[in-house]
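*Asks:* Build me a model:
(one chain, ligands or ions: 2)
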Amino acid sequence: MKQSRLFTKTSKTVPADEVSKNAQLLIQAGFIHKEMAGVYAYMPLGLRVIENIKRIVREEMNGVGGQEVLMTTLQPKDIWEKTDRWSDAKVDNWFKTKLVNGTELGVGLTHEEPIVDAVSNYVSSYKDMPFAVYQIQNKFRNELRAKSGLLRGREFLMKDMYTFCRDQKQHEEEYEKIVAAYFKVYTRLGLGDITYRTYADGGIFTPRFSDEFQTLSEVGEDNIYVDEDKKIAINEEILTDENLAKLGLERKKLVQKKGVEVGNTFHLESKYTDALDLYYNDEKGEKKSIIMGCYGIGVSRLMGVIAELFADEKGLMWPASIAPFAVHLVSLGQDEQAEKIYADLSAAGVEVLFDDRDVSAGEKFAGSDLIGIPYRVVISKKSLEAGGVELKKRSEQANEIIAIKDLISLLKK
Ligand code: ATP
Ligand code: MG
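*Replies:* Ligands and ions are numbered 1, 2, ... in the order given. So this is what the prediction gives:
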């Protein structure tokens, strides 16, 4: 893409109404646009990052047999009444609305009920199981505080998956497979080493523990206690002697850290399937309960965490796996040769943002650092005299001169 055609611009000023670093950087660099507190629109660069995160999540969910669907945002009240959640005081962050005729509707904040309702049209036998259904969709929650940019949205992107199994044994197998897939996602996003499986409260869904996936960060809202040897943690909310004993953890081995919850998986038993009258017949024709699990990943929150963690005083620093472009090509008065490099790299499948604008070198460099593309290639009179183009990684200070003929093989991966 040519930067002269990109309608967003980088800005030198930090947005005054944002206190969180991820929102400040992402707005300054033109990745997101703030509609209101906790509600952000994705501009072209930001959408490319979101789509890359979605692609990774999708590949890993498909890898464990997940079947993608897209549920609706508007939800009928009656299915939520069957599970006693419509008027549940614990579900206190729900946006609700009404049809013209007064019929009440829920605005999607989670999708257990609608998913069970939808699959019940098709599922009846033990042969149908196990299976997993997921979607990547905007969720709406009336959050009390929305001051953390993409970390806490009132409208945000979540991947939510639901599994259906014939018994606990089958459920445990599915559940652990999906937990393993979660770590593949976090590893591909560059967060593998600092993300911990964390025992937590089962929430409104179940009396059992849930597993949170907590990425260590000072901006995290959760206090977690980490066992470095076991690579496991426990949320402060459930830190009792009894729970430690149950989980085989020792208090003196645990270190307190701050975490951002980037995922959460739950055992749902048969609470929702029973309530919505979804059962199956086993081999003997006997009617049995279906065991469910549900599995969330905060897609837009992940973009916020990565923006926040991988940054320096000059701006963003995207991991290659989700960067909006692989290479930022900066031309300093060498447009003809730069056009040729741009065309050759593009033809070789390398995604390039080409800064062909008629602005100063200083402005180009500052903008490039702010946007945070992994590689910067500068072509200038000076670089040509030195034998080619200057190649620099965003994460490193040093740069090197590369012959133009070697550039493609070096950047093509
Ligand atoms: P939190 O405790 O942070 O409010 P939650 O436990 O209510 O989150 P879940 O219902 O477990 O959230 O949702 C699944 C995932 O969706 C979370 O692990 C998180 O990554 C993401 N998520 C939840 N709420 C938000 C939000 N308001 N903004 C962005 N992402 C969110
Ligand atoms: Mg949660």
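*Asks:* how about the residues of the stretch 1-150 of the chain that lie near ligand 1?
*Replies:* For the stretch 1-150 of the chain, the residues in contact with ligand 1 (CB under 6 Å from any ligand atom) are 141, 143. Placement of C-beta: from N, CA and C, glycine included.
*Asks:* just the strands in the stretch 1-150 of the chain please.
*Replies:* 32-36, 39-42, 66-68, 74-76, 96-98, 104-107, 131-140 (DSSP state E, counting those that start in this stretch).
*Asks:* do the stretch 301-413 of the chain as well
*Replies:* Assigned by DSSP E, counting those that start in this stretch, the stretch 301-413 of the chain shows strands spanning 311-312, 315-316, 327-331, 352-355, 375-379, 389-393, 399-402.
*Asks:* counting contacts, what elements does the second one pack onto?
*Replies:* When you say that, I think you mean strand 315-316. Contact here means 3 or more CB pairs under 8 Å, 6 or more residues apart in numbering; DSSP states H and E; on that basis strand 315-316 packs against helix 21-28, helix 361-371.
*Asks:* With mean pLDDT added, can I get the ones you listed in a markdown table?
*Replies:* Listed next are the helices and strands packed on strand 315-316 as a markdown table, based on pLDDT from 0 to 100:
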| stretch | mean pLDDT |
| --- | --- |
| helix 21-28 | 98 |
| helix 361-371 | 98 |
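*Asks:* closest point of the protein to ligand 1, which residue?
*Replies:* Here the residue of the chain nearest ligand 1 is residue 298; by CB to the nearest ligand atom that distance is 2.2 Å.
*Asks:* re the thing from before, just the strands of the stretch 1-150 of the chain: most buried one?
*Replies:* Ranked by mean neighbour count, those are led by strand 131-140 with a mean of 19 (mean count of other CB atoms under 10 Å).
*Asks:* next one: that one to chain centre, how far?
*Replies:* Relative to the centre of its chain, strand 131-140 is centred 13 Å away, using CA atoms, centre = their mean, to the nearest Å.
*Asks:* neighbouring strands for that strand, and are they parallel or not?
*Replies:* strand 66-68 (parallel), strand 155-165 (antiparallel) (DSSP bridges).
*Asks:* now the longest one: mean pLDDT?
*Replies:* Per-residue pLDDT values across strand 155-165 average out to 98.
*Asks:* Sketch out the low-pLDDT regions of the stretch 201-350 of the chain for me.
*Replies:* Applying pLDDT under 70 to the stretch 201-350 of the chain picks out residues 203-207.
*Asks:* Close to ligand 1: what parts of it are there?
*Replies:* The stretch 201-350 of the chain has residues 261, 262, 263, 264, 296, 298, 300, 301 near ligand 1, with proximity defined as CB under 6 Å from any ligand atom.
*Asks:* circling back to that earlier point, I'd like the strands paired with strand 131-140 written out as a markdown table, with distance to residue 132 added.
*Replies:* A markdown table is the format used below for those (distance: least, CB to CB, whole Å):
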| stretch | distance to residue 132 |
| --- | --- |
| strand 66-68 | 5 |
| strand 155-165 | 5 |
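*Asks:* ranking these by burial, who's on top?
*Replies:* Ranked by mean neighbours (mean count of other CB under 10 Å), these are led by strand 155-165, with a mean of 23.
*Asks:* for the helix or strand that it is followed by, the distance to its chain's centre please.
*Replies:* With elements assigned by DSSP states H and E, the helix or strand that comes after strand 155-165 is helix 168-188. A distance of 17 Å separates the centroid of the chain from that of helix 168-188, by CA atoms, centre = their mean.
*Asks:* Give the buried residues for helix 168-188.
*Replies:* Across helix 168-188, burial judged by 16 or more other CB atoms under 10 Å covers 170-171, 174-175, 178-179, 181-186, 188.
*Asks:* In helices, which of the residues of the stretch 201-350 of the chain next to ligand 1 appear?
*Replies:* Among those, the members falling in helices (DSSP state H) are 300, 301.
*Asks:* which pair in the residues of the stretch 201-350 of the chain next to ligand 1 spans the largest distance?
*Replies:* 264 and 300 (14.9 Å; CB to CB).
*Asks:* Give me the neighbour count for residue 89.
*Replies:* If you count neighbours by other CB atoms under 10 Å, residue 89 ends up with 5.
*Asks:* can you check the one 5 residues further on too?
*Replies:* The burial count assigned to residue 94 is 17, neighbours taken as other CB under 10 Å.
*Asks:* OK, contacts around the nearest residue to it once chain neighbours are set aside?
*Replies:* For residue 94, ignoring the flanking residues on the chain, the nearest one in space by CB to CB, 6 or more residues apart in numbering is residue 109 at 5.5 Å. For residue 109, the contact set (CB atoms under 8 Å, 6 or more residues apart in numbering) comprises 91, 93, 94, 95, 139, 140, 141.
*Asks:* Show me the beta-bridge partners of the closest residue in space to residue 391 that isn't next to it in sequence.
*Replies:* Closest residue in space to residue 391, ignoring its immediate chain neighbours: residue 402 at 4.8 Å, by CB to CB, 6+ apart. Beta-bridge pairing of residue 402 under DSSP bridges involves residue 389.
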